[in-house]
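> Sequence first, predicted coordinates after that:
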Amino acid sequence: MIEARPTMFRLLACILSLVLLWAPGPALAQMVGASRETAALIAGWRFAQGEHPGAVAPSFDDSGWSRVTLPHTFNAAETGDGSYYRGPAWYRRAFEIAGLRTGRRLFVQFDGAALVADVYLNGKPVCRHEGGHAAFRCDLTGGLALGRNLLAVRVDNSSNPTVSPLGGDFTVFGGLYRPVSLIETDEVHFDLLDHGGPGFYARAHDITADAAAVSAVAKLANDGSRARGVPVVARILDAEGREVARTSVSVRLPGRSIRDVALDMRLPSPRRWDGVRDPYLYQIVVRIGDSGDEVSVPLGVRTVRIDPRQGFLLNGKPYPLRGVNLMHSARPGKGTGVTDAEVGEDFAIIRDMGSTAVRLTHFQHPQAAYQEADRLGLALSTEIGINGVVAEGPAFLANATQQMRELIAQNYNHPSVVIWGLGNEVYSTEPVVEHVLRALQQVAKAADPDRPTTYAHCCQQDDHPKALISDVIGFNRYFGWYPDQKGTIGEWAEGFHTRHPDRAFAVSEYGAGASILHQEDPPRTVVPASGWHPEQYQALYHERNWLELKDKPYLWGTFIWVGFDLASAGRNEGDRRGINDKGLVTYDRKVRKDAWYWYRAWWSDQPTLYITSRRFTERSDRDATVKIYTSAPAATLFLNGVEIGTRPAVDRIVRWPVTLRRGANAIEVRATAKGEALSDRVTWQYEPPPDMLHATSPTEAAGAAAQGNPLQP
């Protein structure tokens, strides 16, 4: 497609050879001296919801369809009644080819298409992908025509009995909700059809202070008819871009073949990827020949191990995995069709809280998530879409194992990924459940023997056979929120560890709902399915649960459900339908709830001082309690400019009883932490109720709450 000529002219030829209709030409990227070129297909798509016979044909009239820009979700709007569209939709995009040069290939890459995608070029099928959360590619070369070419994609987010996930407490968004791009390569290239991966996989091992061994496998594809002999050169670059290691090998590839090629390097004086302590990244750049196909992948030099007594060990040192579950970086009105910048915003909020880890649920996330975790040092547990339900039969099992292979291939090189997840909360105890989980365990260990596997278990006994298949186990436990779970999370953890001292386990989920519109201090006992989820109850829940979990080193991880409120059309609780409000941050990311600051006071290295119940601004009781979360040893309270007193922090909490005056009351706290002066301020408005109404005093309310509220301190 692009004629051979000097680099400047080759890039010009590329711009001329891929001219896209309906929108300005795509952003083209070319690695200096390399032959791979990419074109982002973001703008200029035509879209229509529903079934449209004949839409695959280039002559089909789509002038009445909507114009959309990717990423795009076709059911992002909240209906308010718990329903949303699940069904087919169509996308069409034209592009032009100015020349077809022998020895070049053109692929299209979809970073995510939910849930099933059928891709057509010029009216003919080129590929089908089942599974809405992994990237995939199609080879377009054989169907290209000179001039105008028409790409048509049918996407369907209907429930499909052979495509996971079949269950789950979340809205199933549909569409081309991640970017699409064209990739042009030589006919000898890194295998672009290897489960959506880069075609190059590297691992560091035998790590000492002096050196680390780096072993890599390059999957080379020769799409030409004749055998080719090619050199392959791999280079390791440090964080400043300096070459620190190199190796090369000559390979002969038969025509129409794919071959695995081993490359080994010695990295001197390696600097380790050490989580948030030091997330140091190398890059490996590997090229075929002097100017052939080239890929670049991250390299983190690190070791991981999970011990049933010491918990998670990173580079041989204890590294407690504490953080949140991230369902997806979805947003109101956008669904999962978000930008990389919005993904980055989520990871910044998670890291600012002091997290060291994230559990990515309940399917594969966009590459931006793994890249942000690499950069910030956040360890990841990441899983496929086995959630709630599995199905009998070979078709479902084939799809599940495909999703596992895709997850590992596409994320193998990310040092942040430390655990592969086989699934979450499969409710049935039928034999098919164990059969599927065992098959996934075998696939995962064959693809990556180094990383451990886990499964998030919830609904049968702790040592149920399906909880014993993965290398380690996570438990989803909601003591203090759902009334059917009796006891406390600390008692449960101690009991399991005593009974199974050689079984490494984590708390993969724990949490409680909260609406920032619901304020009650002190809060009464909450009925989870009700329309009343006061923010203060969530805060008390997390105070108690974290204090019970924090001193248990044998837990390899503790993950709060959930980092951000999320769309769940089947729910009708809290302040509105369709939202799971267990997030520490609101769905729109605008408000960090009180409980978020509770964890920041414990987890973050940055000083924290925060007045709780700050949104409880309209008060009818003059007697109140000012409660703060702080990492400082003590804090001083000022009420309406008058110093009330200094009190020490106990478990990162300071409380003062106060009497409010009628009207506005200025609440200010001051503290010093790590030599930094801190302050926080809120205003509470007190107006007594009418005389005929009886206002229960805080003392009476606290007594009543303590009788029925297991979380009341």
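That came in fine, so what should we check first?

> Name all residues that make contact with the residue nearest to Ala369 when sequence neighbours are not counted.
Spatial nearest neighbour of Ala369, excluding adjacent residues (Cβ to Cβ, 6 or more residues apart in numbering): Val343 at 5.5 Å. C-betas here are computed from N, CA, C, even on glycine. Val343 makes contact with 329, 366, 368-369, 372 under the criterion Cβ atoms under 8 Å, 6 or more residues apart in numbering.

> 10 Å instead?
If you count contacts by Cβ atoms under 10 Å, 6 or more residues apart in numbering, Val343 has them with 326, 328-329, 365-372.

> again, but for Gly87
So Gly87 contacts 49-51, 74-75, 155-158, 174 (Cβ under 10 Å, 6+ apart).

> Now for those residues: which two are most distant?
The span of these, defined through Cβ to Cβ, is set by Glu51 and Asn75 at 15.4 Å.

> ok, back up a step: among the contacts of Val343, which has the minimum pLDDT value?
Lowest pLDDT within the contacts of Val343 is found at His328 (92).

> Would you confirm that that one contacts Ala368?
No: in this structure His328 lies outside contact range of Ala368 using Cβ atoms under 10 Å: 11.6 Å.

> So for the two, which sits in the more crowded spot?
Neighbour count, other Cβ atoms under 10 Å: between His328 and Ala368, His328 has more, with 25 against 20.

> Can you tell me how far the more buried one is from Asn665?
Separation of His328 from Asn665 (Cβ to Cβ, to the nearest Å): 41 Å.

> nearest to Gly574, of the contacts of Gly87?
Among those, Asn75 lies closest to Gly574 (Cβ to Cβ), at 21.4 Å.

> Excluding residues flanking it in the chain, which one is nearest that closest one?
Closest to Asn75 by Cβ to Cβ, 6+ apart is Tyr85, at 4.4 Å.

> Hmm, Gly335 and that neighbour touching each other?
No: with contact defined as Cβ under 10 Å, Tyr85 does not count as touching Gly335 (11.2 Å).

> Tell me the residues that contact both of these two, please.
In contact with both Tyr85 and Gly335: 74-75, 77, 172-174, using Cβ under 10 Å, 6+ apart.

> Got a ChimeraX select line for the buried ones in those residues?
The buried residues among these can be selected in ChimeraX (16 or more other Cβ atoms under 10 Å) with this line:
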select :74,75,172,173,174
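
> what two of the shared contacts of Tyr85 and Gly335 are the furthest from one another?
Ala77 and Val172 (14.3 Å).

> just the contacts of Gly87 now: which is nearest Ser620?
So of the contacts of Gly87, ranked by how close each gets to Ser620 (Cβ to Cβ), first place is Asn75, at 42.3 Å.

> so that closest one sits right up against Asp156, yeah?
No: counting by Cβ under 10 Å, Asn75 does not reach Asp156; the two are 11.8 Å apart.

> what touches both of those two?
In contact with both Asn75 and Asp156: 86-87, 89, 114, 174, using Cβ under 10 Å, 6+ apart.

> Mind checking which of those residues are in strands?
Ala89 (DSSP state E).

> Can you tell me which of the shared contacts of Asn75 and Asp156 comes closest to Glu187?
Ala114 (32.1 Å).

> Around the residue lying closest to that closest one once chain neighbours are set aside, how many other residues sit close by?
Distances taken as Cβ to Cβ, 6+ apart place Gly132 nearest to Ala114, at 3.1 Å, with adjacent residues excluded. Gly132 has 29 neighbours, counted by other Cβ under 10 Å.

> quick one, phi psi at Gly132?
When read as degrees, to the nearest 10, the backbone of Gly132 gives phi -90, psi 0.

> just Ile97 next, same as before
The phi/psi pair for Ile97 (degrees, to the nearest 10) reads phi -110, psi 120.

> looking at it, it is touching Leu150, isn't it?
No: using Cβ under 10 Å, Ile97 is not in contact with Leu150; the gap is 11.6 Å.

> one step back: show me the contacts for the residue nearest to Ala114.
Each residue near Gly132 by Cβ under 10 Å, 6+ apart is listed here: 112-117, 155-157, 160, 163-165, 172-175, 177-178, 336, 363-364, 385, 403.

> Quick check: the gap between it and Ala117.
8 Å.

> And Glu130, how close does it get to Val585?
Distance, Glu130 to Val585, using Cβ to Cβ: 33 Å.

> hang on, the earlier thing: among the contacts of Val343, name the ones in strands.
Per DSSP E, the contacts of Val343 map to strands at Leu326.
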